[in-house]
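S.K.: how does the following fold in three dimensions:
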Amino acid sequence: MNTNHLKQEWIDLSTPWIKKSREERNPTRTGLLDKPMLEACGDVEGLRALDCGCGEGRFCRMLAERGVASVLGLDLCEPMIEAANQLASGRDEYRVADVQEMSFLGDESFDLVVSYLNQCDLPDYEANNREVYRLLKPGGRFIVANLHPMRSAVGAWHRSPDGTKEHVIVDKYFDEGERQWVMLGVRFTNFHRSLERYVRSYLNAGFRIESIVEPTITEEELKLYPELDDEMRVPNFIIFALRKEEGRG
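M.R.: Presented below is the predicted three-dimensional model:
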């Protein structure tokens with residue numbers, strides 16, 4: 001599937017996505033992923049940051065609130081970038097661009113790069129890895145949240161006749177490639193890759209893997225977000241904290 005087709009899917013999704021992000025409860029992000037993503041980013045005070053696949057800018061704004069010197073959000077979807085610019089505060093800047101090819105940005109120009117559920121939407125995520133490695137200063141960090149490979153490999157629930165969730169179906173795990181889903185009433189495409197494929201690609205790009213996190217929730221958090229009860233049974237997402245080591249160009 002070509003990039004133009006994928007881009008059109010996100011244009012079609014942009015209106016309900018922006019509405020949900022700004023007006024509705026979004027437990028997957030606010031209750032599950034935001035906290036470990038921010039913890040993985042660490043102290044961002046004074047850093048120059050880049051958000052690959054920023055959408056309508058929500059995580060960029062969070063980084064700006066936490067003191068980055070600047071954050072640049074890139075996304076191919078024009079309506080998302082238009083929406084992001086509407087709430088820009090000065091520290092956050094947004095641009096329509098393909099994060100698989102960022103030659104308009106200079107080498108070693110960022111301290112921190114984030115990819116918040118973006119690489120699973122990219123046909124060539126390895127190109128994104130290479131570009132991010134080039135853009136990071138030595139010692140800079142790349143924080144990636146992806147769909148967990150065990151969930152992108154089919155990932156549906158097997159249910160008993162009365163509808164009870166018994167277990168997640170993991171099948172065709174090594175059959176990597178496109179997967180089609182429906183989200184907010186829009187059919188869209190993302191990509192399944194194995195855990196080995198992701199890890200090998202980060203190492204091949206030159207990164208050191210500092211940590212791997214499979215986000216879940218506590219019993220206390222479940223009281224606030226009861227719709228996340230699945231997260232206590234199986235991981236839906238995975239976060240990689242990567243570093244470009246000092247002395248490597």
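
S.K.: from now on I want contacts and neighbour counts done on CA atoms only, so please keep to that.
M.R.: Fine.

S.K.: tell me where the protein has helices.
M.R.: For the chain, the helices defined by DSSP state H occupy 3-23, 27, 34-41, 58-65, 78-86, 125-135, 149-152, 195-205, 219-224.

S.K.: name the residues of stretch 218-231 that are buried.
M.R.: Within stretch 218-231, the residues that count as buried by 16 or more other Cα atoms under 10 Å are 222, 225, 228-229, 231.

S.K.: can you lay out these as TSV showing distance to Thr28?
M.R.: Listed next are the buried residues of stretch 218-231 as TSV, based on distance: Cα to Cα, whole Å:
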residue	distance to Thr28
Leu222	12
Tyr225	9
Leu228	7
Asp229	11
Glu231	10
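
S.K.: contacts for the top strand by length along the chain, please.
M.R.: Assignment by DSSP state E gives strand 136-147 as the longest strand of the chain. By Cα atoms under 8 Å, 6 or more residues apart in numbering, the surrounding residues in contact with strand 136-147 are 37, 40-41, 107-120, 132, 236-249.

S.K.: now Asp171, what are its backbone angles?
M.R.: With angles defined as degrees, to the nearest 10, Asp171 sits at phi -150, psi 160.

S.K.: that one contacts Val154, doesn't it?
M.R.: Yes. At 6.0 Å, Asp171 and Val154 qualify as touching, with contact defined as Cα atoms under 8 Å.

S.K.: between those two, what contacts are shared?
M.R.: The contact sets of Asp171 and Val154 do not overlap (Cα under 8 Å, 6+ apart).

S.K.: so these two - more neighbours on which side?
M.R.: A direct count of neighbours by other Cα atoms under 10 Å for Asp171 and Val154 places Val154 higher, at 17 against 14.

S.K.: hey, what's that one bridged with?
M.R.: On the basis of DSSP bridges, Val154 is bridged to Val170.

S.K.: then Asp75?
M.R.: Val96.

S.K.: OK, contacts around it?
M.R.: 52-55, 81, 95-99 are the contacts of Asp75 under Cα under 8 Å, 6+ apart.

S.K.: and for Gly177?
M.R.: Going by Cα under 8 Å, 6+ apart, Gly177 touches 191-193.

S.K.: can you pick the most crowded of those?
M.R.: Within the contacts of Gly177, His192 tops the neighbour count with 25 neighbours, counted by other Cα under 10 Å.

S.K.: most widely separated two among the contacts of Asp75?
M.R.: Using Cα to Cα, the contacts of Asp75 span at most 13.7 Å, a distance reached by Ile81 and Val99.

S.K.: list the residues that contact both of those two?
M.R.: Common neighbours of Ile81 and Val99 (criterion: Cα under 8 Å, 6+ apart): 74-75.
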